[in-house]
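>>> here are the coordinates; sequence isn't available:
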């Protein structure tokens with residue numbers, strides 16, 4: 001991953017943290033394809049008694065066939081965002097900051113829509 005790609009990954013992860021904390025955030029235009037992929041893939045996430053599972057590489061591969069091709073660095077960004085989300089989801093609810101589900105509406109909220 002190039003330094004610019006790494007910086008974009010960090011910006012996307014920070015935006016996700018902001019959204020989970022109900023803050024208005026700016027999502028870099030260069031990261032929109034990854035952001036949209038994350039929103040779609042999050043909805044495919046499987047859950048079990050111990051909580052949510054990570055987004056699988058199989059689901060990412062299927063996404064690239066159905067919706068849009070992703071480069072390798074995009075996949076690394078998705079996986080980093082997924083770790084942020086999983087860390088948040090693994091906290092007991094009473095220790096989480098107030099939040100709302102990550103939905104298309106939250107995507108609109110992030111852009112002031």
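All right, it came through fine. The shown structure was predicted, so the numbers you read here are calculated from the model rather than taken from an experiment.
>>> alpha carbons only for contacts and neighbour counts from here, please
OK.
>>> what is the burial count for residue 54?
16 (other C-alpha atoms under 10 Å).
>>> which residues does it contact?
Counting by C-alpha atoms under 8 Å, 6 or more residues apart in numbering, residue 54 touches 45-46, 82-83, 86.
>>> same thing but 10 Å
Neighbour list for residue 54: 41-42, 45-47, 79, 82-83, 85-86 [criterion: C-alpha atoms under 10 Å, 6 or more residues apart in numbering].
>>> may I ask which of those residues has the most neighbours?
Result: residue 82 is most packed of the contacts of residue 54 (other C-alpha under 10 Å), 21 neighbours.
>>> where in this protein is pLDDT low?
Along the chain, the parts satisfying pLDDT under 70 run over 93-102, 106-113.
>>> repeat that with 80
91-113 (pLDDT under 80).
>>> that one: helices as residue ranges?
3-20, 32-42, 57-66, 72-90, 104-110 (DSSP state H).
>>> redo the ones you listed as a markdown table? Include distance to residue 26.
As requested, these are exported to a markdown table (distance: least, C-alpha to C-alpha, whole Å):
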| stretch | distance to residue 26 |
| --- | --- |
| helix 3-20 | 7 |
| helix 32-42 | 11 |
| helix 57-66 | 24 |
| helix 72-90 | 15 |
| helix 104-110 | 6 |
